[in-house]
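Asks: no FASTA, just this:
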């Protein structure tokens, strides 16, 4: 529209100018038209212009201006009030919407079939236990809109579901004479949101039996339900129906299918759907990232993110938080830091989901100080944030700080702890040696927080007591727990028995593990090492022979280190690396320096038929030592050396790394399959309690 026309005194043209401002979502144009109307249409603005202004300010979420426009209308109509109620409800302002609805009634204005749905929407988000919804329902019956009007009925139905009044919702649904697809969709989508996926599936078949044809919302709800209940076969069959009916051309449906296959552990099928999509949006890319991440394919997930960026997709809060999760799985601290920079540049680092993902990523990658910086800069925190920060401290065995964060969480009142919170806190106490505090929390968790101990909590407390040398007490807890002991419980007990030489109890735990997971080589190796440590070499050899006889192969230990986008993997006694001669020379030099400082190799678990000198040579060829030597050769001074190992770091390597950290004045960070170890100046963060 030309500017001259917008400035005309013609009320129709002024109304058109206001509508243009709404279409362009421009408060500036709307206010200009409003000001012109005040100057040219004195002494009063016509009611229909007032209605347009109320609609303008309501839709642009300018509540004060909308209320002022409504009050200034000398003869407000149902149209003006409906515009205000609708705008306030759409922008999650239920109380102003409901107040305007009551004011309209006091003026004697009769709500219409557009007013009631907006009022029901406001009631759906009103404070808990509000009686507004049922009262509006009664009024709609009085004016004859319920149950006959499908539009109003669907709004009331949705309101009852969203306020948790399931009985009233089902009763209203049964009373509806005309159940259209919108009504069925209200049942399906709300059942999915409330975690009742099977009801969604039943409602879908009810729609079909009633002769109704599903739409895009119905199809997405069905896939979401199948994803929630892990119903792979029904979902895959429904996929065929969707293709036959052409629904797969809709991007929302394709996104729902990618999500469904990802949650049903079929990442490759999710990728097949993703690859044939003609149109993709941000949700498409995020769904594919999450599908890979949920199935342990973090590298593929990160590759999809890079593909999204190459395709011109701008990073969103959901996309960045999803990819940060993959970095945590990859232990990719450098990748995580790069994504942190992306979040800052995109101005989404303050988003609570992105910030929580950053805390989680840094904590899982061993960067607890970085996690703390993000954590303390957050204006508000949710349960995920608190759990991630506590978990970060637990990963490095910092029980004191984990308990401090837990206390702050309770004192803040922002959120109540859940079962994951207590798993993290008890784990931190276990790894940090705070046995009394951890056990007291376990004993009082139901009374203090209303959380019934689960298998995970029992596993944590068995580990807690076992590390403290109280294996018999841990065994008593296993015997009296109300659920069947899991692999993790017996594994924690076996590890503790090996640590403290409790051979007989360790054998009991091992036998239980052999029953539950007969193919896990780690349990056999742990039992063999425990027997060897006790000098029972014949029994240790028999365990190894038994493994070989039944075809159980020991997982080879390996360590890896990343340098210049390359991953260098080492195995024990590895001689294939191109830098082998330099690595061996450095290790020989370090060995002499360490021995001069008082280091003595720990050959406790070396093969018993070797001479002592050969045993010392063997422990000095462990994979983590080879990886460390490579890091010392290539990584510049001052930069921490980060090593990952697929098994638990051995006692000798742990002792050696403490010496080397002081000799070369470098920080060495090792992530084994249990926790992080930060070596610095002859000490380890675990304080030798691991």
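Replies: Sure thing, it's come through. These numbers come from a predicted model, not from an experiment.

Asks: my read: residue 543 touches residue 523, true?
Replies: No - the pair residue 543 / residue 523 is not scored as a contact, 9.9 Å apart, by Cβ atoms under 8 Å. Just so you know, the C-beta spots here come from the backbone N, C-alpha and C atoms, and that holds for glycine as well.

Asks: of these two, who's got more company?
Replies: Counted by other Cβ atoms under 10 Å, residue 543 and residue 523 do not tie: residue 523 has more neighbours, with 26 against 21.

Asks: which residues touch the more buried one?
Replies: 491, 494, 510, 513, 514, 517 (Cβ atoms under 8 Å, 6 or more residues apart in numbering).

Asks: Pull up the per-residue confidence for the fourth one.
Replies: Here the pLDDT value assigned to residue 513 is 89.

Asks: Could you measure from it over to residue 656?
Replies: 30 Å (Cβ to Cβ, to the nearest Å).

Asks: Tell me which of those two has more neighbours.
Replies: Taking other Cβ under 10 Å, residue 513 and residue 656 do not tie; residue 656 has more neighbours (25 against 22).

Asks: Does that one touch residue 598 like I think?
Replies: No - look at residue 656 against residue 598 with Cβ under 8 Å: they stay out of range, at 11.9 Å.

Asks: wouldn't residue 485 be in contact with residue 478 here?
Replies: Yes - under the criterion of Cβ under 8 Å, residue 485 makes contact with residue 478 at 5.1 Å.

Asks: returning to that earlier point: list the ones among the contacts of residue 523 that fall in helices.
Replies: By the criterion of DSSP state H, membership of those in helices covers 491, 494, 510, 513, 514.

Asks: any idea which element the closest residue to the third one other than its chain neighbours lies in?
Replies: By that I understand residue 510. Leaving aside its chain neighbours, residue 510 sits nearest to residue 527 (4.2 Å; criterion: Cβ to Cβ, 6 or more residues apart in numbering). Taking DSSP states H and E as the criterion, residue 527 maps to helix 521-533.

Asks: Quick check: mean pLDDT of that helix?
Replies: Per-residue scores along helix 521-533 average to 82.

Asks: likewise stretch 83-92?
Replies: 94.

Asks: Give me the contacts around that stretch.
Replies: 51, 54-55, 57-59, 61, 63, 66-67, 70, 94, 96-97, 100-101, 104, 114-115, 118-119, 121-122, 125.

Asks: Who are the contact partners of the residue nearest to residue 510?
Replies: Counting by Cβ under 8 Å, 6+ apart, residue 527 has contacts 494, 498, 506, 507, 510, 543.

Asks: Residue 507 now?
Replies: Here residue 507 is in contact with residue 527 (Cβ under 8 Å, 6+ apart).

Asks: Tell me the secondary structure at the closest residue in space to residue 567 that isn't next to it in sequence.
Replies: Nearest residue to residue 567 in three dimensions, chain neighbours excluded: residue 560, at 5.5 Å (Cβ to Cβ, 6+ apart). Following DSSP: H, G, I helix; E, B strand; the rest coil, residue 560 is assigned to strand.

Asks: Please identify the helix or strand for residue 678.
Replies: strand 676-680.

Asks: so what strands line up beside whichever helix or strand comes after that strand?
Replies: Downstream of strand 676-680, the next assigned helix or strand under DSSP H and E is strand 683-684. Sheet pairing for strand 683-684, assigned by DSSP bridges, gives strand 676-680 (antiparallel).

Asks: What's the mean pLDDT across the partner strand?
Replies: Across strand 676-680, the per-residue pLDDT values average to 93.

Asks: host element of the closest residue to residue 464 other than its chain neighbours?
Replies: Residue nearest to residue 464 in three dimensions, not counting chain neighbours: residue 430, with 4.0 Å by Cβ to Cβ, 6+ apart. Assigned by DSSP H and E, residue 430 belongs to helix 419-432.

Asks: So what's the gap between that helix and the chain middle?
Replies: 19 Å (Cα atoms, centre = their mean, to the nearest Å).

Asks: contacting residues around it?
Replies: 383, 386-387, 390-391, 393-394, 397-400, 402-403, 406, 409, 434-435, 437-438, 441-442, 445, 449, 451, 454, 456-457, 460-461, 463-464, 467, 675, 686, 689-690.

Asks: Go ahead and confirm residue 339 touches residue 324.
Replies: Yes - using Cβ under 8 Å, residue 339 is in contact with residue 324, at 5.6 Å.

Asks: Comparing these two, which shows the higher neighbour count?
Replies: residue 324 (28 against 25).

Asks: Next up, the contacts around the more buried one.
Replies: Going by Cβ under 8 Å, 6+ apart, the list of residues near residue 324 reads 336, 339, 354, 357, 358, 360, 361.

Asks: hmm, 10 Å instead?
Replies: With contact set as Cβ atoms under 10 Å, 6 or more residues apart in numbering, residue 324 has these partners: 293, 305, 332, 335-336, 339-340, 342-343, 353-354, 356-362, 364.

Asks: Among those residues, which lie within helices?
Replies: 293, 305, 335-336, 339-340, 342-343, 353-354, 356-362, 364.

Asks: Helix 352-364 and the helix or strand containing residue 392, what's the angle between them?
Replies: Take DSSP H and E as the rule and residue 392 turns out to sit in helix 383-395. Calculated by axes from the mean of the first three to the mean of the last three Cα atoms, to 10 degrees, helix 383-395 forms an angle of 10 degrees with helix 352-364.

Asks: Nice, that's everything, thank you.
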